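S.K.: okay, here's the prediction I keep looking at, along with the sequence it came from:
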Amino acid sequence: METTPIQTEPVLTITGLTKFFGGLRAVHNFDLTIQPGQLLGLIGPNGAGKTTIFNMITGLYVPSGGEICFLGETILGQEPFEITRAGIGRTFQNIRLFPNLSVLDNVRIAYHPRAGYSMFDAIFRNSKYEAKERELTEQAQDFLAIFNLENIQNELAKNLPYGEQRRVEIARALACNPQLLLLDEPAAGMNPREIVQLMELIHFVRDRFKLTILLIEHQMRVVMGICEHITVMDFGEVIARGTPKEIQDNPKVIEAYLGKGAAHAA
Amino acid sequence: MQKASVSTTAPTLAHGPKTRLAWVGQGFLLILAVLALYIVVRNLIQDPVQFGQIIIGGLQLGFVYALIALGYTMVYGIVKLINFAHGDVFMVGAFVSFFSVTKFNLESWPAVVFPGLPAAVVVVIGTLTVILLSMIVCTVLAITIERVAYKPLRDAPRIAALITAIGVSFFLEYFGALKFVFTPEFIPYPSPFTVVTFYINNGIQMMVPGKPLPGHVVTFTSIFVIFIVATLLVQFLLQYLVHRTKIGIAMRATSFDKPAARLMGINVDQVISFTFAVGAAFAGLGGVLYAIAYSSIWTQLGILPGLKAFVAAVVGGIGSIPGAFVGALIMGLAENLTMGYISTPMRDAVAFTILILVLLIRPTGLFGEPEKEKA
Amino acid sequence: MGLIDIFTSLVKIIAVLAYVYGLLWVLGKSSRWVKIAGILVAFGIIQLVITVNIGGSPIFNGFDLGLLFQACSMTMVALGLNLIYGFNGQFSLGQYGFYGIGAYTAADITYRWINGDARGLIVVLSGVIIVGLMIFGLRQIIHRYRGIPVLTQFTLYLVGTILAGIVAVYIGRGIAPAINPLLGTNLVPGALAQGIPLQVVFFLAIICAGVFAAETSFLFGLPVLTLGSDYFGIATLGFTIVVNTLMLNSDTILPFPEMKGGRGMIGIPKLTTWFWAFVFLVLVIVVMRNIIRSSSGRTIMSVREDEVAARAMGVDVADTKLISFMVGSLFAGIGGAIYAHYIGFLSPNTFNFLLSFNPLIIVVFGGLGSMSGTIAATFGWTFFLEGLLRNLLGTMGTDAPTWRYVLYPVTLLVVMLIRPQGLLGTTEWGFLKDILIKPRVKPQVAAPGPIAPAESQQGLD
């Protein structure tokens, strides 16, 4: 007996995705289907092509072949900003905040497409501008409050400690109101306590904002701890899929990470 | 937007998303190219001798630009700085040779020291000395500028170094124009050796002064020959230097990744100074040859040729040495063709229109490599 | 030049800077009445100083007035550059190209007007309007269809502009003969060529000059802004030189015999008064500030900070760059118009390649990303360099102008080495300051349920 889910359409469907950089084949025949509400992990050794896939999903790279469908419609060929506005948000491997802007401004930029006023309204400072700008700012502040960042809202992003920068980046990506969130190594550079907080944060975020999350990560604790389903890549190809338990015991995965001998030892 | 079907076999994309109406833009460029070609070919047919003359003049100009462009491209490759002062180093080279010839008669020192030497040998050695002196002075000047003005700003925002380069450029141009230093006027330049003219009429003949030319023929001077020899020599020398010597590898390593080069034990400061020095030396050489070829110099001599040489470096692919050479030849030819077939005032405009066109069609230049930014 | 003169010059410089600070301060007050009063007072002070005589000559003599106008127009150019480069991060050497376009366009309109030819105004005005509509319309169509390469877009706009220009010329030919009789000649001006109508034409000329510059920047910027910052800078350098070449040949390659090419255009009516300069200066400052302190401004700055991240946040980077380039050129064009009508003649040499670095030097000097820095640096630079220094060096004989160019770079070098972020860095004065938003006192609980896990320092629940 199966309960019919409310939304059967997958959030993201990738088929046959391939990317060549000149003669180098970075990604080959990558397939992935993500259902709404899932928390998926994408792992693999360095250079396996994970960030390249993220960049293709978000439109920064043009795929050499394959198809990407978001919410049932193809997003190939769209500009990155269009894809973001369509509902895909992301964070970056090496944090890319706007260093000389305040935390509040960093988040307010996410509201620009939904600002509700044009540049001309801003120039004339009419009532529409005043009202919408105040609304936008309050929304951003409330948003920051959710993450307990409102106290530092006027700090310049470049002056923040690393952990807080990470949090701001995630908050900022969420401010774009996405349905699918791509996190690129969110735990990079964190100590164990911060990692635990990050895991809680990701769960909280997924539940509160009704998101679907795809995660690239090297820290196995995070991956095994929160991902429901994992795809493993090596040399641009998928080598394994499954639940954390299945992946942990998969000899091909062990071989990819630790080399040929280790697989037999497992 | 079309509804996509989730297929099991992936449709392949050739060049990314569909490009519509690309033919409009490309057609426009094609029309421009055809127009230019038409003008050239029509004039070529009408007067092939004039065409030959223009080509020779254009090549000569191109060689001048090539010698300057090398400095621009190498310096940009290694420190990402557009060294606006480079054109003025070129000017200094011309001026130094002017001084050595007029004040010290340097071009004839072998005759003074060794009275018995044949005239040809004196001329060769004397001129080479003049050139060498200019090159040395330019080298020293460039290294000084680099150490005093650019090095302290290496970690500052790039605009600071750029503005400083502009400042140094202004300084060189106007300091020489001050009355007590020199003069802002044009100065006639005496060549250290007599320039011989050749003409093409049943093979290459030498022109005898006084005897008129047999009709409409293409002429070129010994300077032109010297230019060819000098520039090609420089090119080969540089290629060898950059690809076969240790310092050359160091230069390339530093231009790829400065911190890594430092970690590998390369003395980055020395390598950078060396790069400036080499570029300046060739610019100095270019300055002397330019002065001999075009017979007059002035303190703002370096501005336009410097700019055009920079454009040449960009056209060829900034950072690429063979690119700078090819780009310079293209620039020189285009400029001369415009001067001859369209109008003289347009030639500067054409130079920069070429720049804009190249940046539109192939921004990394002919030989350049696209810069990839990894997210 | 005596000690008294040097002293008065210094006092004037300090006074001007204080004035600028005061103006910005009063504009920053929240009460609307204070602002209006402040503007009137600011206008009045200088007007007084110009008109009131002490001992036979005005406090602000003709020379000072010239400096003032120069400072006003240069401020507009420099603010434009600060928008493009300081706030949007695109290194542009093209401001003087637009400055020159604005100057010549406005000058041509008014010159022709007072010489009995209405075609200047009619053609440019209608041309500017038609091109504007064309650009707007074409843009809607182009955005409907994805995937049109930039080069094609450029070609379409170019063709559209040429067609619009031809239409404008015909409109001019059609309407002008009806108006020309009312214009008289420059010796005997007609009813429409003096008084209020002339002021209206002047106003229109300035606006047209600015918009024309902006439209040119759109056409040029569309393909060129897609290149990275360095290449864009080089392309704009090329643009300035091409424009300069066109100026030198305005009577041969271009059909404008009254511009007299390299010999320079003379006979431009000196319509710039303190009123106009002040009005447009304040307008430019206010518009720029209103753009910067708004969502558009944040977007513009985000492109400077990190283009890739901006894209990922839903910012249309190409569009943003284009808009700031256009607004920056608009300002430069207006500055050019004001300049042309104070000095009365135009020479292509004023807009040559070397001088085109002036706005860049000013902006970096004052502080990239600081509007106050730009304004202060422009006024300081004009009154100090052009005023005091020129007088000082004037005593050095004919070498004086050349000495300026020697001291410039030395001063510049020293400043770059000591304080590369510029005099004011990113600080702003008064009205231009960033609007600081205070954190809200938590009225309602923002997130019911678990407090953001980031807070739980106590470890696992």
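M.R.: Happy to help now that I have it.
S.K.: lowest confidence element among the helices and strands of the chain?
M.R.: You didn't pick a chain, so chain A it is. When each helix and strand of chain A is scored by mean pLDDT, DSSP states H and E, helix A:260-265 comes last, with a mean of 54.
S.K.: wait, chain C
M.R.: helix C:390-394 (a mean of 64).
S.K.: how far does stretch B:189-202 sit from its chain's centre?
M.R.: Distance of stretch B:189-202 from its chain centroid, counting by C-alpha atoms, centre = their mean, to the nearest Å, is 23 Å.
S.K.: what residues sit buried inside the longest helix that chain A contains?
M.R.: Longest helix of chain A, by residue count under DSSP state H: helix A:127-146. By 16 or more other C-beta atoms under 10 Å in any protein chain shown, the buried positions in helix A:127-146 come out as A:129, A:132-133, A:136-137, A:139-146. C-beta here means a position set from N, CA and C on the backbone, and glycine is covered the same way.
S.K.: touching chain C at all, the very next helix or strand once past that helix?
M.R.: Per DSSP states H and E, helix A:127-146 leads on to helix A:162-175 as the next helix or strand towards the C-terminus. Yes: counting by C-beta under 8 Å from any C-beta of the partner chain, chain C is contacted by helix A:162-175 at A:Arg167, A:Arg172, A:Ala173.
S.K.: any chance of the residues you listed in TSV, with neighbour count too?
M.R.: Formatted as TSV, the residues of helix A:162-175 next to chain C follow (neighbours: other C-beta atoms under 10 Å in any protein chain shown):
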residue	neighbour count
A:Arg167	25
A:Arg172	29
A:Ala173	25
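S.K.: distance to B:Val358 and pLDDT for those residues - can I get that in JSON lines?
M.R.: Below are those laid out as JSON lines (distance: C-beta to C-beta, whole Å; pLDDT from 0 to 100):
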{"residue": "A:Arg167", "distance to B:Val358": "45", "pLDDT": "88"}
{"residue": "A:Arg172", "distance to B:Val358": "38", "pLDDT": "92"}
{"residue": "A:Ala173", "distance to B:Val358": "38", "pLDDT": "91"}
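S.K.: nearest to chain C, of these?
M.R.: A:Arg167 (5.7 Å; C-beta to the nearest C-beta).
S.K.: pretty sure that closest one contacts A:Leu144?
M.R.: No: checked against C-beta atoms under 8 Å, the pair A:Arg167 and A:Leu144 is beyond contact range at 9.9 Å.
S.K.: can you give me the strands in chain B?
M.R.: Taking DSSP state E as the criterion, chain B carries its strands at B:187-188, B:197-200, B:204-206, B:218-221, B:296-297.
S.K.: how many neighbours does B:His216 have?
M.R.: For B:His216, the tally of surrounding residues (other C-beta atoms under 10 Å in any protein chain shown) stands at 11.
S.K.: you'd agree it is up against B:Phe51?
M.R.: No: between B:His216 and B:Phe51 there is no contact under C-beta under 8 Å: 11.6 Å.
S.K.: what helix or strand is the residue nearest to C:Gly297 when sequence neighbours are not counted on?
M.R.: Distance criterion C-beta to C-beta, 6 or more residues apart in numbering or on different chains; nearest residue to C:Gly297, sequence neighbours excluded, is C:Ile291 at 5.3 Å. Using DSSP H and E, C:Ile291 sits within helix C:274-292.
S.K.: quick check: what element follows that helix along the chain?
M.R.: helix C:295-305.
S.K.: now the angle from that next one to helix C:274-292?
M.R.: Here helix C:295-305 runs at an angle of 70 degrees relative to helix C:274-292 (axes from the mean of the first three to the mean of the last three C-alpha atoms, to 10 degrees).
S.K.: what is the mean pLDDT for helix C:295-305?
M.R.: Helix C:295-305 comes out with an average pLDDT of 95.
S.K.: now do the next helix or strand after that helix: distance to the chain's middle.
M.R.: Next helix or strand after helix C:295-305 toward the C-terminus (DSSP H and E): helix C:307-312. The gap between the average C-alpha position of helix C:307-312 and the chain average comes to 28 Å, counting by C-alpha atoms, centre = their mean.
S.K.: hmm, the helix or strand that helix C:307-312 is followed by in reach of chain A?
M.R.: Downstream of helix C:307-312, the next assigned helix or strand under DSSP H and E is helix C:317-343. Yes: Helix C:317-343 is in contact with chain A by C-beta under 8 Å from any C-beta, via C:Val317, C:Ile323.
S.K.: tell me which parts of the stretch 151-300 of chain C are close to chain A?
M.R.: Close to chain A, as judged by C-beta under 8 Å from any C-beta, the stretch 151-300 of chain C has residues C:Val287, C:Asn290, C:Ile291, C:Ser294, C:Ser295, C:Ser296, C:Gly297, C:Arg298, C:Thr299.
S.K.: give me the buried subset of those residues.
M.R.: Listed as buried from those are C:Val287, C:Asn290, C:Ile291, C:Ser294, C:Ser295, C:Ser296, C:Gly297, C:Arg298, C:Thr299; burial here means 16+ other C-beta under 10 Å.
S.K.: tally of neighbours for the residue nearest to the fourth one when sequence neighbours are not counted?
M.R.: Read it as C:Ser294. With C-beta to C-beta, 6+ apart as the criterion, C:Ser294 has its nearest non-adjacent residue at 3.6 Å, and that residue is A:Ala122. Neighbour count for A:Ala122, taken as other C-beta under 10 Å: 23.
S.K.: before we move on, what about B:Thr194?
M.R.: 8.
S.K.: from C:Gly264, how far off is C:Met288?
M.R.: 31 Å (C-beta to C-beta, to the nearest Å).
S.K.: and the two? which has more neighbours close in?
M.R.: Using other C-beta under 10 Å, the more surrounded residue of C:Met288 and C:Gly264 is C:Met288, with 24 against 15.
S.K.: nearest spatial neighbour of that one, chain-adjacent residues omitted?
M.R.: Excluding the flanking residues, the one nearest C:Met288 by C-beta to C-beta, 6+ apart is C:Leu79, at 5.5 Å.
S.K.: near chain A, which residues of the stretch 101-250 of chain B?
M.R.: Residues of the stretch 101-250 of chain B found near chain A (C-beta under 8 Å from any C-beta): none.
S.K.: for the stretch 101-250 of chain B, which residue gets nearest to chain C?
M.R.: B:Gly167 (3.2 Å).
S.K.: so that residue is in contact with C:Leu407, correct?
M.R.: No: contact criterion C-beta under 8 Å: B:Gly167 and C:Leu407 do not qualify, at 10.5 Å.
S.K.: which stretches in the stretch 51-200 of chain C count as strands?
M.R.: Along the stretch 51-200 of chain C, counting by DSSP state E, counting those that start in this stretch, strands occupy C:53-54, C:57-58.
S.K.: isn't C:Val20 right next to C:Phe379, touching?
M.R.: Yes: at 5.6 Å, C:Val20 counts as touching C:Phe379 under the criterion of C-beta under 8 Å.
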